[in-house]
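*Asks:* no sequence for this one, just the structure:
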């Protein structure tokens, strides 16, 4: 009986993986939609908040949609076209305050800060 179970698992494993990938894709799509809606519908957010939010979504997708992902300030500023350190830090602080992201800054030059979407 165990042999049949093992054979069935091996035979149907690719299908299960496809189903799991589909569920992950749906979950990721829902998460991104929720974030974009929050960015757009909040009248207190300026274009810099939206740009940084989209840059964070970009990094989220590059990291495979994992719950926690690492970012570098330099990359986020480049992708969002935010030039001022003050603007970057103000926007990140306000995104945290509005419960859009969690942000754990890292002072290690190569490690990067840890971010997750709430």
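*Replies:* Done, it's in. The model shown is predicted, which means the values in this text are computed figures rather than measured ones. Residues are numbered from 1 along each chain as shown.
*Asks:* Which residue is the nearest non-sequential neighbour of residue 27?
*Replies:* Among residues not flanking residue 27 along the chain, residue 65 sits closest, at 7.7 Å (C-beta to C-beta, 6 or more residues apart in numbering). From N, CA and C alone the C-beta is placed, and that goes for glycine too.
*Asks:* Nearest residue to the middle of the chain?
*Replies:* The residue lying closest to the centre of the chain (C-alpha atoms, centre = their mean) is residue 60, at 3.1 Å.
*Asks:* got a list of what that residue touches?
*Replies:* 32, 66, 69, 115, 117 (C-beta atoms under 8 Å, 6 or more residues apart in numbering).
*Asks:* So among the residues you listed, where is pLDDT lowest?
*Replies:* pLDDT across the contacts of residue 60 is lowest for residue 66, at 84.
*Asks:* Can you classify it as helix, strand or coil?
*Replies:* With DSSP: H, G, I helix; E, B strand; the rest coil as the basis, residue 66 sits in coil.
*Asks:* Now residue 102: closest residue in space, sequence neighbours ignored.
*Replies:* Closest residue to residue 102 apart from its sequence neighbours, by C-beta to C-beta, 6+ apart: residue 116 at 4.9 Å.
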